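Peer 1: dropping a prediction and its sequence here:
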Amino acid sequence: MLAPVFVLLQPKGSLRTPAKSARDLLRASFDEKMLGKHPKALYLNRSEVGHVIPEALDENKEKPLWEGSLRHADVKEGETVLRDWK
């Protein structure tokens, strides 16, 4: 019952109503005006758009991370619809 009041007093606080979370999710899914058609190198921190640090865009670091993630998840051929996933 107090969550809507806390959201009004502290919009960036840790307490969120389901309605606020749903608005943020819809925005992340469909707001092409704010995020672009195919957003890349950004994230949403609740309602605010943030950009990743340059290190996160380093392709030399991206490949080992991707390969390690596939290995830890034990993804095998035919288990994903992603193209060029290897």
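Peer 2: The structure has been received and is ready for your questions.
Peer 1: helix or strand right after the lowest-mean-pLDDT helix or strand in the chain?
Peer 2: Among the secondary structure pieces of the chain, namely its helices and strands, helix 3-9 has the lowest mean (mean pLDDT, DSSP states H and E), a mean of 79. The first helix or strand that comes after helix 3-9 along the chain, using DSSP states H and E, is helix 18-30.
Peer 1: from the contact counts, what lies against the next helix or strand along the chain from that next one?
Peer 2: Sequence-wise, the next helix or strand beyond helix 18-30 is helix 32-35, with elements assigned using DSSP H and E. Contacts of helix 32-35 with other secondary structure elements, assessed using 3 or more CB pairs under 8 Å, 6 or more residues apart in numbering; DSSP states H and E, are made with helix 18-30. To be clear about C-beta, it is placed using only N, CA and C from the backbone, and glycine gets the same treatment.
Peer 1: buried residues, the helix it packs on. List them.
Peer 2: 20, 24 (16 or more other CB atoms under 10 Å).
Peer 1: checking the spatially most central residue of the chain next. Helix, strand or coil?
Peer 2: Computing the C-alpha centroid of the chain and ranking residues by CA atoms, centre = their mean puts residue 43 first, at 5.0 Å. When the structure is split into helix, strand and coil by DSSP: H, G, I helix; E, B strand; the rest coil, residue 43 lands in strand.
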